[in-house]
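[1] coords please:
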Amino acid sequence: MPAWAWLNRLAHGFAAEVRALAAEGASLDDHWDGAIRFLAGELVARAPDDRSMATLQRDALVPLELAMAARRGRGRDAGAARVPGYR
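    Have a look, this model is predicted:
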């Protein structure tokens, strides 16, 4: 799975889904899942209501996800890093 795809849950998830991810807390068992949970907590802290979360998703996370996806195949330094163990 490409690294940009991990942002999908945060960039497109409903506010309740993002809050549920944040409530699970970071996991040391799975680095990528733990990172997404940590980032969900950061997102909730900065956008505590549905409207501000939707704005942050639209203005920051979706453009980041799209930029990373557009650079796919141009090398690791271009934002196309792959998740270890996946092809």
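
[2] Please enumerate residues in contact with stretch 54-69?
    Identification of contacts with stretch 54-69 by Cβ atoms under 8 Å, 6 or more residues apart in numbering yields 2-5, 7-8, 10-12, 15, 43, 46-47, 79-80. Where C-beta positions appear, they are placed from N, C-alpha and C, glycine not excepted.

[3] Of these, which one scores lowest on pLDDT?
    Lowest in pLDDT among the contacts of stretch 54-69 is Ala80, which has 41.

[4] From the contacts of stretch 54-69, list just the buried residues.
    Using 16 or more other Cβ atoms under 10 Å as the burial test, the contacts of stretch 54-69 include 2-4, 7, 10-11, 15, 43, 47, 79-80 as buried.

[5] how about the residues you listed in TSV, adding secondary structure and distance to Thr55?
    What follows is these, written out as TSV (DSSP: H, G, I helix; E, B strand; the rest coil; distance: Cβ to Cβ, whole Å):
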residue	secondary structure	distance to Thr55
Pro2	strand	26
Ala3	helix	24
Trp4	helix	21
Leu7	helix	16
Leu10	helix	14
Ala11	helix	12
Ala15	helix	11
Leu43	helix	11
Ala47	coil	7
Gly79	coil	23
Ala80	coil	27
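
[6] from the residues you listed, which two are the most distant?
    Largest separation among the buried ones among the contacts of stretch 54-69 by Cβ to Cβ: Ala15 and Ala80, giving 29.0 Å.

[7] Leu64: which element?
    helix 62-70 (DSSP states H and E).

[8] What pLDDT does the model give Ser27?
    67.

[9] quick one on the thing from earlier: out of the contacts of stretch 54-69, which two sit at the greatest distance?
    Once Cβ to Cβ is applied, the contacts of stretch 54-69 give Ala15 and Ala80 as the farthest pair, at 29.0 Å.
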